[in-house]
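Got a predicted structure plus its sequence, pasted below:
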Amino acid sequence: MTHPTLRVAVRKFAPFESAIAEQFADFLRVSRRDASLDAQAMDLNPLHEAIIGSGGLGDGSWDIAFMATDWLAEAQHAGLLEDLSLHMRRDPVPDFPEGWSASLTGLQRFAGGIWGMPYHDGPECLIYRTDLLAEAGLSVPTTWDEFYRAARALHRPEREQFGTVLALFPDGHNGFYDFCIHVWSRGGEVFDDTGRIDFTSAAAHGALDFVRTLAADERAIAPAAHELDSVKSGLLFAQGKVAMMANWFGFAAYGDTAPDSRVKGKIDVAPLPAGDGGKSVSLNVFWVLAIGSGSRHKELAWDFLRHCASAPMDLITTAKGAIGVRKSTWQDPRVNAQIPYYHRLAWLHEHARELPLTPKLAVASHIVDDLLTEATTTDTPTATLLARAQRRAEAEL
């Protein structure tokens, strides 16, 4: 009798790691299956390389992977993903897709298939300490200029309290996403209708100027921004070291659920600030569980994904500090009693935009990473940096 082992590539984040382990244990209990879990946690760049760059999802190295939705087109184009619609027909997920917001069931459905099941959600929003804003007599910022002024007013490095934080570690993640949000919130577009990048607009200029000015201001942000990714930024917030930040909704919830959090009951969320000539806008990127085309245990993998999609398992995702994806979780009275702003996920999704579906999105993200790194470490004029990035984008994309 065989004893299969499911190898799962996990985005390194304690809530993901503990949730997937508990969900697999429950899966074995309910299904009475004889199997093991080998879950390996990795930061973003190593994760992308393991499952896509080196073809690990296609050669059988990984059965299941945590994947950001903006990686799906690249992985599907390379033939690395199993089409889940085949398994849906064999053994469908109860109340799918009706039990999820429409914004969580579209990005993974393209090219005639379904390439991942929603697992973790939470658009970007403004996350802030209610006690610190009240103590300083500040209103919640609604523009980026107000955000900058508030960050300075709340900056208290002598007590290890920083006004805000920037996640500028070049992992193709938050730097890229934040740049897009800053452009959009100033009324601009990063991609035109054909998917062509435009780095030369006035909105792009304003966005880059804002980020590089904030990054250089030691009286406003936490130090070592180039070493911080979204997770490390969220952990700083939970440690009570950041007054407010633009980050994923999940890090607000983490601050209210992590056992060692110092900010429980002191957190609220709001729409992201607007820029000159624009309006508040967020970004819809979420994490899915995908099955590798080279998996030797596809039926077992699907059965586990199906189990993770159930309402009780979605609540486990939430209880561990990540963000559940089902409507029932967002509306759950017990969840909202602990995290009073949880129900606002529905509103945030209504005001969130999506990135274009292209297999070269990872290439675009690293171009922006390099742009931001140079902008925040050199004195090269903004216009020169943007023109250089535009030429590179046209050559590589």
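Yep, it's here. Numbers count the residues shown, from 1 in each chain.

what pairs with A65 across the strands?
A9, A290 (DSSP bridges).

I figured it hits L6, correct?
No. Between A65 and L6 there is no contact, the gap being 11.2 Å when judged by C-beta atoms under 8 Å. C-beta coordinates here come from the backbone N, C-alpha and C atoms, glycine included.

More neighbours: the two, which one.
Applying other C-beta atoms under 10 Å to A65 and L6 shows that A65 carries more neighbours, namely 30 against 21.

From A41, how far out is that one?
Relative to A41, A65 is positioned 12 Å away (C-beta to C-beta, to the nearest Å).

could you pull out the strands for the stretch 51-200 of the chain?
For the stretch 51-200 of the chain, the strands defined by DSSP state E, counting those that start in this stretch occupy 64-68, 109-110, 113-114, 117-120, 124-129.

So what touches the second one?
Surrounding strand 109-110, the residues in contact under the criterion C-beta atoms under 8 Å, 6 or more residues apart in numbering are 72-73, 76, 115, 357.

farthest-separated two in these?
W115 and L357 (11.0 Å; C-beta to C-beta).

Of these two, which one has the most company?
A count of neighbours by other C-beta under 10 Å puts W115 above the other of W115 and L357, at 25 against 16.

returning to that earlier point: most packed of the strands of the stretch 51-200 of the chain?
strand 64-68 (a mean of 27; mean count of other C-beta atoms under 10 Å).

helices or strands up against it?
The contact analysis (3 or more C-beta pairs under 8 Å, 6 or more residues apart in numbering; DSSP states H and E) places strand 64-68 against strand 5-11, strand 287-291, helix 298-308.

quick one: which of these is nearest G278?
strand 287-291 (27.5 Å).

Point out where the stretch 1-150 of the chain drops to low pLDDT.
1 (pLDDT under 70).

Mind doing that once more with 90?
The stretch 1-150 of the chain contains residues with pLDDT under 90 at 1-2, 122.

quick one on the thing from earlier: go through the strands of the stretch 51-200 of the chain and name the closest to R334.
Nearest of those to R334, taken as C-beta to C-beta: strand 117-120 at 19.2 Å.

So in that sheet, which strands flank that closest one, and in what orientation?
Here strand 117-120 has these sheet partners by DSSP bridges: strand 287-291 (antiparallel).

so the partner strand versus strand 5-11, what angle?
Angle between the axes of strand 287-291 and strand 5-11 is 150 degrees (criterion: axes from the mean of the first three to the mean of the last three C-alpha atoms, to 10 degrees).

tilt between strand 287-291 and helix 298-308?
160 degrees.

now what about strand 287-291, what contacts it?
Contacts for strand 287-291 (C-beta under 8 Å, 6+ apart): 11, 16, 57, 63-69, 72, 75, 81-82, 84, 108, 115-121, 298, 301-302, 305, 308.

can you give me how far that strand is from the chain middle?
Mean C-alpha position of strand 287-291 versus that of the full chain (C-alpha atoms, centre = their mean, to the nearest Å) differs by 13 Å.

pLDDT (mean, whole number) over that strand?
Strand 287-291 carries an average pLDDT of 98.

Sort out which residues of that strand are buried, please.
Using 16 or more other C-beta atoms under 10 Å as the test for burial, strand 287-291 gives 287-291.

Measure how it sits relative to strand 64-68, angle-wise.
150 degrees.

R392 is in contact with I367, isn't it?
Yes. Using C-beta under 8 Å, R392 makes contact with I367 at a distance of 5.6 Å.

more neighbours, these two?
Applying other C-beta under 10 Å to R392 and I367 shows that I367 carries more neighbours, namely 23 against 16.

burial of T382, as a residue count?
16.

doesn't Q161 make contact with M244?
No. Using C-beta under 8 Å, M244 is not in contact with Q161; the gap is 11.0 Å.

Which one's more surrounded, these two?
In this view M244 and Q161 are compared by other C-beta under 10 Å, and M244 has more residues nearby, 25 against 16.

bridging residues for the more buried one?
For M244, the beta-bridge partners under DSSP bridges are Y128.

Mind pulling up the pLDDT for it?
98.

Any idea how far stretch 353-373 is from the middle of the chain?
The answer for stretch 353-373 is 14 Å, by C-alpha atoms, centre = their mean.

what is the rounded mean pLDDT of it?
Looking at stretch 353-373 alone, the average pLDDT works out to 93.

What are the buried residues along that stretch?
Buried-residue list, stretch 353-373, by 16+ other C-beta under 10 Å: 355-358, 360-362, 364-372.

tell me the contacts of the nearest residue to W287 once chain neighbours are set aside?
Leaving out its chain neighbours, the residue that sits closest to W287 by C-beta to C-beta, 6 or more residues apart in numbering is H120, at 4.0 Å. Contacts for H120 (C-beta under 8 Å, 6+ apart) come out as 16, 66, 250, 286-287, 317, 322-323, 325.

can you check A301 too?
6, 63-64, 82, 291, 295.

any idea which of the residues you listed is closest to P333?
Closest approach to P333 among those (C-beta to C-beta): I64, at 31.7 Å.

And for the spatially closest residue to that closest one that is not a sequence neighbour, the neighbour number?
Nearest non-adjacent residue to I64, counting by C-beta to C-beta, 6+ apart: V8, 4.5 Å away. Neighbour count of V8, defined by other C-beta under 10 Å: 22.

which residues does V8 contact?
Residues near V8 by C-beta under 8 Å, 6+ apart: 20, 37-40, 62-66.

Please flag which of those sit within helices.
Using DSSP state H, the subset of these located in helices is I20.

JSON lines for the contacts of V8, including distance to L345?
Converted to JSON lines, these look like this (distance: C-beta to C-beta, whole Å):
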{"residue": "I20", "distance to L345": "21"}
{"residue": "L37", "distance to L345": "28"}
{"residue": "D38", "distance to L345": "32"}
{"residue": "A39", "distance to L345": "26"}
{"residue": "Q40", "distance to L345": "29"}
{"residue": "W62", "distance to L345": "29"}
{"residue": "D63", "distance to L345": "29"}
{"residue": "I64", "distance to L345": "25"}
{"residue": "A65", "distance to L345": "24"}
{"residue": "F66", "distance to L345": "20"}
